[in-house]
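Enquirer: sequence plus predicted model, see below.
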Amino acid sequence: MMKLFWAYDYGVSKLNYNPLMVGLTLIPSAGAKGAVCLDGTLPGYHWHRGYGSGANSWLIQLEGGGWCNNIRTCVYRKKTRRGSSTYMEKQIPFTGILSDKAEENPDFFNWNRVKLRYCDGASFTGDSENKAAQLQFRGQRIWLAAMEDLMSKGMRNTKQALLSGCSAGGLASILHCDEFRNMFPRTTKVKCLSDAGLFLDAIDVSGGRTLRSLYSGVVGLQGVQHNLPRICTNHLDPTSCFFPQNLISHIQTPLFILNAAYDSWQIQSSIAPLSADPHGYWHDCRLNHAKCSASQIRFLQGFRTQMLNAIKGFSMSRENGLFINSCFAHCQTERQDTWFADDSPEIRNKPIAIAVGDWYFDRAGVKAIDCPYPCDKTCHNLVFR
């Protein structure tokens, strides 16, 4: 029997009644650098100090939370925690890859673990402003100011580092991967992990390109083009270079791609969004995969095929890692139940935390691609009400 997880139980799973709570640190030096949230407030992060064998190891987790692609959506966003530190939680639970317990996070529990808060709306890559609407698009500056601040707090002495992130933060970890690598000496072990960041330039159910149109707005409005990897913008338009499928095979730093083959966010917002489904044919399927018709499942199998094609070249590299499970999920590193628990998702009996650890520490090569739906009985499939 497949396990169903209600989508609003995100974050702190039922297993962890007593998660570590970590306070928000604002970055005072960011203001002078113009490294501010959409509304001009200071950016921030949550840091739990490493100890023992992990005292000189750093994990940076970039927060996700969609994008804003026009003045209206960005003005709305600046009154939320995704656009202003005024509205950010003062403490957040550290679970999954951020947990400080070895039994919940076997390889990274005693590292310095940082969650960088996301308040720019362009995956930490914009650099522009709109004075009339009082909007600051400073994601790139926030990224740099945060890294500089953490370097001064000991990250510059790290022996090993991992840049990770989920959703829009998983895209950011791809976009900034080589940049992060180059902040450290060659002798430092540096790798990147993208969780649910493999957003595909896909055709939606109406034949349009909903996500491409969204990305085009983000890139144009927020001045993203100057901060995209040159190796891509040299031969493709800036919007194409915001899509990870056009970046991943050029990234020089070892990268691990973790993604559900039937990414629930992409199904709801890119493949079958309301705008592409005016008659509501996809309404039930969008919320619960068990309610999809045979032809809808065929369409979703086509999406999985597109994802597997997108990672073909990437997977040729010995250095890279892959875990593409056939689940209806989105973000699997920060939830304890999906990262590492008694019944967490597995491919060939290997849970996500062990797959990532094996890859990071070179204990084994990891190129795990699941058989297609409905074969995987270990999924924690999200169901939306």
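Expert: Now that the structure is in, tell me what you want to look at.

Enquirer: ranges for the helices of the chain?
Expert: 71-77, 139-152, 168-175, 177-181, 210-222, 230-233, 264-266, 283-287, 294-310, 312-315, 336-339, 352-360 (DSSP state H).

Enquirer: so what touches the last one?
Expert: It stands for helix 352-360. Contacting residues not belonging to helix 352-360 are listed as 97, 105-108, 162, 191, 193, 254, 256, 258, 321, 323, 332-333, 338-340, 344-345, 347, 350, 363-366, 368 [C-beta atoms under 8 Å, 6 or more residues apart in numbering]. Where C-beta positions appear, they are placed from N, C-alpha and C, glycine not excepted.

Enquirer: so of those residues, which ones are in strands?
Expert: The members of the contacts of helix 352-360 that map onto strands under DSSP state E are 162, 191, 193, 256, 258, 321, 323, 347, 350, 368.

Enquirer: report the distance from stretch 346-364 to the chain centre.
Expert: Stretch 346-364 sits 18 Å away from the centroid of its parent chain (C-alpha atoms, centre = their mean, to the nearest Å).

Enquirer: any idea of the mean pLDDT in it?
Expert: Taken as a whole, stretch 346-364 has a mean pLDDT of 98.

Enquirer: what is the end-to-end distance of it?
Expert: 16 Å (C-alpha to C-alpha, to the nearest Å).

Enquirer: swap in stretch 309-321?
Expert: Using C-alpha to C-alpha, the two ends of stretch 309-321 sit 15 Å apart.

Enquirer: residues contacting Ser29?
Expert: Per C-beta under 8 Å, 6+ apart, neighbours of Ser29: 145, 148-149.

Enquirer: per-residue pLDDT, it?
Expert: Ser29 is given a pLDDT of 97.

Enquirer: roughly how far apart are it and Arg81?
Expert: 22 Å (C-beta to C-beta, to the nearest Å).

Enquirer: figure out which of the helices of the chain is closest to Ala276.
Expert: Proximity of these to Ala276 was assessed by C-beta to C-beta; the nearest stretch is helix 210-222, lying at 5.8 Å.

Enquirer: which of the ones in strands among the contacts of helix 352-360 sits closest to Gln268?
Expert: Leu258 (19.3 Å).

Enquirer: who's in contact with the residue lying closest to Ser164 once chain neighbours are set aside?
Expert: Of all residues not flanking Ser164 in the chain, Leu193 sits nearest, at 3.8 Å (C-beta to C-beta, 6 or more residues apart in numbering). Going by C-beta under 8 Å, 6+ apart, Leu193 touches 162-165, 173, 255-256, 258, 333, 356.

Enquirer: the same query, at a cut-off of 10 Å, please.
Expert: 59, 61, 97, 162-166, 170, 173-174, 177, 254-258, 321, 323, 333, 356, 359-360 (C-beta atoms under 10 Å, 6 or more residues apart in numbering).

Enquirer: check Arg138 too.
Expert: 30, 33-38, 40, 43, 119-120, 122, 124, 126-129, 144-145, 222-223.

Enquirer: do I have it right that Thr25 meets Asp149?
Expert: Yes - judged on C-beta atoms under 10 Å, Thr25 makes contact with Asp149 at a distance of 8.6 Å.

Enquirer: more crowded one of the two?
Expert: When neighbours are counted by other C-beta atoms under 10 Å, Thr25 and Asp149 differ, and Asp149 comes out ahead with 20 against 17.

Enquirer: among the contacts of helix 352-360, which ones are buried?
Expert: Burial by neighbour count, 16 or more other C-beta atoms under 10 Å: within these this picks out 97, 105, 107-108, 162, 191, 193, 254, 256, 258, 321, 323, 332-333, 338-340, 344-345, 347, 350, 366, 368.

Enquirer: any idea how far Cys192 is from the closest residue to Lys189 other than its chain neighbours?
Expert: In space, and not counting its chain neighbours, Lys189 is closest to Gln160: 4.1 Å by C-beta to C-beta, 6+ apart. Relative to Cys192, Gln160 is positioned 13 Å away (C-beta to C-beta).

Enquirer: could you check which of those two has the larger neighbour count?
Expert: Cys192 (26 against 17).

Enquirer: look up which residues are beta-bridged to the more buried one.
Expert: Assessed by DSSP bridges, Cys192 has beta-bridge partners Leu163, Leu255.

Enquirer: is it in contact with Leu258, as I believe?
Expert: No - Cys192 is beyond contact range of Leu258, at 11.2 Å (criterion: C-beta under 10 Å).

Enquirer: list residues touching both of the two?
Expert: 164, 170.

Enquirer: ok now stretch 222-235, how far from the chain's centre?
Expert: 19 Å.

Enquirer: cool, stretch 191-203 as well?
Expert: 7 Å.

Enquirer: which residues of the stretch 1-150 of the chain fall in strands?
Expert: 3-6, 20-26, 44-48, 57-62, 91-94, 112-116, 128-130, 135-137 (DSSP state E, counting those that start in this stretch).

Enquirer: for Met316, which of those strands is the nearest?
Expert: Taking the strands of the stretch 1-150 of the chain one by one with C-beta to C-beta, strand 57-62 is closest: 26.2 Å.

Enquirer: what is the mean pLDDT for the closest one?
Expert: pLDDT averaged over strand 57-62 gives 98.

Enquirer: now the angle from it to helix 352-360?
Expert: Using axes from the mean of the first three to the mean of the last three C-alpha atoms, to 10 degrees, the inter-axis angle of strand 57-62 relative to helix 352-360 is 120 degrees.

Enquirer: what residues sit buried inside strand 57-62?
Expert: Buried, per 16+ other C-beta under 10 Å, within strand 57-62: 57-62.

Enquirer: for stretch 302-322, same thing?
Expert: 303-304, 307, 310-311, 314-315, 320-322.

Enquirer: quick check, pLDDT for Arg385.
Expert: Looking at Arg385, its pLDDT stands at 82.

Enquirer: likewise Val12?
Expert: Per-residue confidence (pLDDT) for Val12: 44.

Enquirer: ok, now which ones touch Ala329?
Expert: 5, 7, 196, 259-265, 335, 338, 345, 379-382.
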